[in-house]
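1. how would this look folded up:
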Amino acid sequence: MTEADDGPARPPAMRQPGLVSRLVGVLLTPRRTFGDVVRQPKWLGALTVVTVAMAGGGAWLTSTELGQQMLLEEIVSQAESFGGTMTDEQYDQLAGNLENLTYFTAGGTIVSIPLVTLIIAGVVWTVCYVLLGARAPFRAMYAVVVHVGAVSLVQQLFVVPLNYARGVMSSPTTLAAFLPILDPGSFLARLLGAIDLFVIWQLMVLAIGVAVLCGKPTGPIVTIFYTLYAVIAVVIAFVFLG
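-> Predicted structure coming up:
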């Protein structure tokens, strides 16, 4: 029997890049990488890496003496931003439980990241369905959102050491961090404090992934995402305005 008798040769199945290649590819070549993710929407490995890395970085920082003091000061600062005050007794009680807060922080991260990722995927899926008329499999949408977490890995590598060196827990990558002369209680400071450079990056990467998934141009999608982010930032600034 000749080769022709077997019919036309089938093209070899496209092999999806490995986990590390996908996470790096989301940062360097997002459009091509999301094409691979959409064809085979695997998400468990990427979600595990992002979750463990985020939990581990936070746990390490809060396990150090400096990190615990930073966490204590951040909790007090957040309480005061809501107009509350902390008595000496409450302060001492909180300081005595800082070691337990390390485990609570790590456990909370492990639980919250998959849940928040699921919520974001649901919101993005709904926005694309309502505003763009795009019908996409939810599993693929979830895989896209999970892989956007690669940006969070870079953020963790940048922010955790920097916060330790600075001795403060607040984010050094918000727009407010570049304007320390602003009154912390002002509306502008609150607004800029709600806008983070890494979130801007994540939204751009997410827009590319959603565009690949839905077969739509990236421009309108990223415009929708940035508009929603701006609205949320304004709402946060008003809510926390002292």
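2. isn't residue 27 up against residue 151?
-> Yes - using CB atoms under 8 Å, residue 27 is in contact with residue 151, at 7.0 Å. (C-beta placed from N, C-alpha, C; glycine too.)
3. neighbour count: these two, which is higher?
-> A direct count of neighbours by other CB atoms under 10 Å for residue 27 and residue 151 places residue 151 higher, at 23 against 14.
4. and for stretch 19-36, what's in contact with it?
-> Residues outside stretch 19-36 that contact it (CB atoms under 8 Å, 6 or more residues apart in numbering) are 14, 16-17, 37, 45-46, 49, 144, 147-148, 150-151, 153-154, 205, 208-209, 212-213.
5. and if you look at stretch 124-142?
-> Contacts for stretch 124-142 (CB under 8 Å, 6+ apart): 37-38, 41, 43, 117-118, 121-122, 145, 206, 210, 213-216, 220-221, 224, 228.
6. go again with 6 Å.
-> Here stretch 124-142 makes contact (CB atoms under 6 Å, 6 or more residues apart in numbering) with 38, 41, 43, 121, 213-214, 216.
7. now render the residues you listed as TSV, adding secondary structure.
-> Below are those laid out as TSV (DSSP: H, G, I helix; E, B strand; the rest coil):
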residue	secondary structure
38	helix
41	coil
43	coil
121	helix
213	helix
214	helix
216	coil
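8. now, the most widely separated pair of those?
-> 43 and 216 (21.3 Å; CB to CB).
9. more neighbours, those two?
-> Shown here are residue 43 and residue 216; by other CB under 10 Å, residue 43 has more neighbours (20 against 17).
10. I'd say the more buried one and residue 146 touch.
-> Yes - under the criterion of CB atoms under 6 Å, residue 43 is in contact with residue 146, at a separation of 4.3 Å.
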